[in-house]
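> I would like the atomic coordinates for the input below:
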Amino acid sequence: MPLVSVIVPAYNAEDTLLATIHSVLQQSLQDLELIIVDDGSSDSTFAIAQSVKDPRVRALSFQNGGAAMARNRGIQQANGDFLSFIDADDLWVTHKLEKQLQALQEMPEACGAYSWTLIMDAEGETFYPGNCESFAGDVYPQLLLSNFVGSGSNMLVRREASEAIGGFDACLRSHEDWDYYLRLAYRWPFAVVSEPQILYRKTDSSLCSNFEVM
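As a prediction, this is how the structure comes out:
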């Protein structure tokens, strides 16, 4: 049984998926499984996922249902005691999972741990600070004001906590990660790793750039 299940919701991500996969497989914490959930892509996303020859990797394909449903489908297939999610165009630094797990071991009452974020451009060449807050414990008041966790590519969550809140709300087409974090924070404290560990790729086609949807 793997300790951590990492779930990648992927939709038409052929240009970036391999880099995301490699950033997970190169983690210093190696006791993991990687579940790639192809969300009805029309490009070669699923073929790329299937091409990765690592026994820790599984590639699944479904009709399009949105990122929240793709994450839930991954959770249903997961075997780990801890869950983490990364979008198919983002990256992690190598010690991301290790340090978040250490933070949770030091704070056993916490449901999950998050880290700071760096924003990168579409080519992954330019970086600037993103969310760099260090709220810990009862973070619900601060999280109501803004999603300081930053994205759905951040937290390491105890599986039993995720299951207790019913996973992601598949009715939401944006901010489903903020909703998920709020429901967690309402019931349990958060731990924090005060280091930039998430590399969030921002492009003109990113959902965060679609102001109407957001």
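> What strand or helix carries Q50?
Taking DSSP states H and E as the criterion, the element that holds Q50 is helix 45-51.
> which residues are contacting that helix?
Outside helix 45-51, the residues within contact range by Cβ atoms under 8 Å, 6 or more residues apart in numbering are 10-14, 17-18, 21, 36, 38, 57, 59, 61, 88. C-beta: built from backbone N, CA, C; applies to glycine.
> Export those to a markdown table and append columns for secondary structure, pLDDT and neighbour count.
Shown next, in a markdown table, are those (DSSP: H, G, I helix; E, B strand; the rest coil; pLDDT from 0 to 100; neighbours: other Cβ atoms under 10 Å):
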| residue | secondary structure | pLDDT | neighbour count |
| --- | --- | --- | --- |
| A10 | strand | 98 | 28 |
| Y11 | coil | 97 | 19 |
| N12 | coil | 97 | 17 |
| A13 | coil | 97 | 24 |
| E14 | coil | 97 | 17 |
| L17 | helix | 98 | 24 |
| L18 | helix | 97 | 15 |
| I21 | helix | 98 | 24 |
| I36 | strand | 98 | 28 |
| D38 | strand | 98 | 26 |
| V57 | strand | 98 | 19 |
| A59 | strand | 98 | 20 |
| S61 | strand | 97 | 16 |
| A88 | coil | 97 | 30 |
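> What is the least confident helix or strand in the chain?
Comparing every helix and strand of the chain by mean pLDDT, DSSP states H and E singles out strand 127-129 as the least confident one, with a mean of 82.
> avg pLDDT for the following helix or strand past it?
Per DSSP H and E, strand 127-129 leads on to helix 140-145 as the next helix or strand towards the C-terminus. Per-residue pLDDT over helix 140-145 has a mean of 98.
> How about residues contacting helix 140-145?
Helix 140-145 is contacted from outside by E133, F135, F148, V149, W178, Y181, L182, A185, Y186, using Cβ under 8 Å, 6+ apart.
> May I see the buried residues of it?
Neighbour-count burial for helix 140-145, counted by 16 or more other Cβ atoms under 10 Å, picks out Y140, L143.
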